[in-house]
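A.B. asks: give me a model of this one.
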Amino acid sequence: MYSINIILGLPTNVYILWLMVTGAVGTMASDFFALNLTVCEILYCLSAVLNYLNDYLFNDTLGVGVAFFMGFISIGRPLFQCCICVERYLAVVHPVTFLKYKPLRYRVGCSCLCWMVVLGFSMLIALVSTVLSNMIIFLLLNLSLWFSIQLFCCLTVLWALKRPGPGEGEREGEGMNKIKLRAFRIISVIMVSMIVSYLPLVLLLWVTVSCDSG
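C.D. replies: I've put the predicted structure just below:
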């Protein structure tokens, strides 16, 4: 798993980051949360080196470092994904509010707050990593929260895209033009990917907590 992260994950995310940074300024604003998500993924991929060393040296300090970087994947990834989903939700369901907070400075401020949360909770994970039960409960609450928000946003956006826009009527057969149909398919793929990624882990953690309490 560590080798896959380094060999496949690291080059892919670095390439994605390069495409975003060298892209047009206009796309930088719309993909700002995705850029932060990519940085978070790169930092986690680099932490595979600590995992290798910890497997062979069994050093307590390295173990804490490994637990700290776990926060980037268990907290950072769902948090920035959640920001992307909320942004798309506002753009589709509440376009006036989206246009009000569309300037890049709002995304920068939100991203700074998210990084503070990621770093703070990563330190917390490193502290409670020695107590397995605390670690499981913490991850369960975290994943359940972000999973619920993302699922709500995705389902709401899909429902809104299904409805015909003003003046569209039923001209497209399903009340959805080609642009909406493309967005509908993309968001459907994202939602399925999210369910496959998070739902089994959330259920596994729930079962683990239930067995421990029983």
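
A.B. asks: and for residue 122, the neighbour number?
C.D. replies: Per other C-beta atoms under 10 Å, the neighbour tally for residue 122 reads 21. Where C-beta positions appear, they are placed from N, C-alpha and C, glycine not excepted.

A.B. asks: could you do residue 2 as well?
C.D. replies: Residue 2 has 15 nearby residues by other C-beta under 10 Å.

A.B. asks: ok, it to residue 122 distance?
C.D. replies: 19 Å (C-beta to C-beta, to the nearest Å).

A.B. asks: contacts made by stretch 39-55 with the rest, please.
C.D. replies: For stretch 39-55, contacts defined as C-beta atoms under 8 Å, 6 or more residues apart in numbering pick out 2-3, 5-6, 9-10, 13-14, 17, 59, 62-63, 65-66, 69-70, 72-73, 76-77, 80, 118.

A.B. asks: could you pick out the buried ones from those residues?
C.D. replies: By neighbour count, with 16 or more other C-beta atoms under 10 Å, those hold 5, 9-10, 13, 17, 62-63, 65-66, 69-70, 72-73, 76-77, 80, 118 as buried.

A.B. asks: break this protein into its domains for me.
C.D. replies: Domain assignment for the chain by automatic domain parsing gives 1-129, 131-214.

A.B. asks: any chance of these in CSV, with mean pLDDT too?
C.D. replies: Below are the domains of the chain laid out as CSV (pLDDT from 0 to 100):
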stretch, mean pLDDT
domain 1-129, 81
domain 131-214, 69
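
A.B. asks: tell me which of these sits most buried.
C.D. replies: Comparing the domains of the chain by mean neighbour count (mean count of other C-beta atoms under 10 Å), domain 1-129 comes out on top with a mean of 16.

A.B. asks: quick one on the thing from earlier: in helices, which of the buried ones among the contacts of stretch 39-55 fall?
C.D. replies: Judged by DSSP state H, these include 10, 13, 17, 62-63, 65-66, 69-70, 77, 80, 118 as members of helices.

A.B. asks: and the helices in this structure, which stretches?
C.D. replies: 2-4, 10-21, 25-30, 32-46, 48-57, 60-71, 77-93, 95-100, 104-128, 132-162, 178-213.

A.B. asks: export the ones in helices among the buried ones among the contacts of stretch 39-55 as TSV, with columns for distance to residue 196.
C.D. replies: Shown next, in TSV, are these (distance: C-beta to C-beta, whole Å):
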residue	distance to residue 196
10	23
13	20
17	25
62	31
63	30
65	29
66	25
69	24
70	20
77	14
80	18
118	23
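
A.B. asks: between which two of those is the distance greatest?
C.D. replies: Spatial extent of these (C-beta to C-beta) is set by the pair 17 and 63 at 28.7 Å.
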